[in-house]
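Participant: give me coordinates for this.
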Amino acid sequence: GKSAVRLPGRRAEAWPVPYDVHKFLVPDGTGWRAPLTVACAAQLDAADGPTVLHYCSCGLENWREKYRRLGRFGDRWWGRVPIRIPAHLQSRDVLLAE
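Facilitator: Sure, this is the predicted structure:
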């Protein structure tokens, strides 16, 4: 996936900093906090402004190869955080059933 974040102006001290491969931290006046994370496109509101989404557009054979390569992975990222992307889990299950 790709990470994106809105920059709040020209003051570099207010800019977000990378936290991991999917998140940024933003200053909140007393420290750092994680900004809103959208787990599903259904949670988006067009009034919130531009949003960058990442969708797999790779063709059937590349999709199949991706999930063959990933194999039997769990329902949690890094064994801790629940995976809340139904298509990811369903893709795993479809390929494992073959």
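
Participant: which phi and psi does L25 have?
Facilitator: Dihedral angles of L25 (phi, psi; degrees, to the nearest 10) stand at phi -110, psi 140.

Participant: what about it, neighbour count?
Facilitator: L25 has 16 neighbouring residues, counting by other CB atoms under 10 Å. The C-beta positions use only the backbone N, C-alpha and C, and glycine is treated the same way.

Participant: gap between the residue nearest to it when sequence neighbours are not counted and E65?
Facilitator: What sits nearest to L25 in space, not counting adjacent residues and going by CB to CB, 6 or more residues apart in numbering, is W32, at 4.1 Å. Distance, W32 to E65, using CB to CB, to the nearest Å: 38 Å.

Participant: and W77, by the same measure?
Facilitator: From W77 to E65 the distance is 21 Å (CB to CB).

Participant: same check, this time on R72
Facilitator: R72 is 16 Å from E65, by CB to CB.

Participant: so between these two, which is more surrounded?
Facilitator: E65 (13 against 8).

Participant: what helix or strand is that one on?
Facilitator: helix 60-70 (DSSP states H and E).

Participant: and that helix, what does it pack against?
Facilitator: helix 86-97 (3 or more CB pairs under 8 Å, 6 or more residues apart in numbering; DSSP states H and E).
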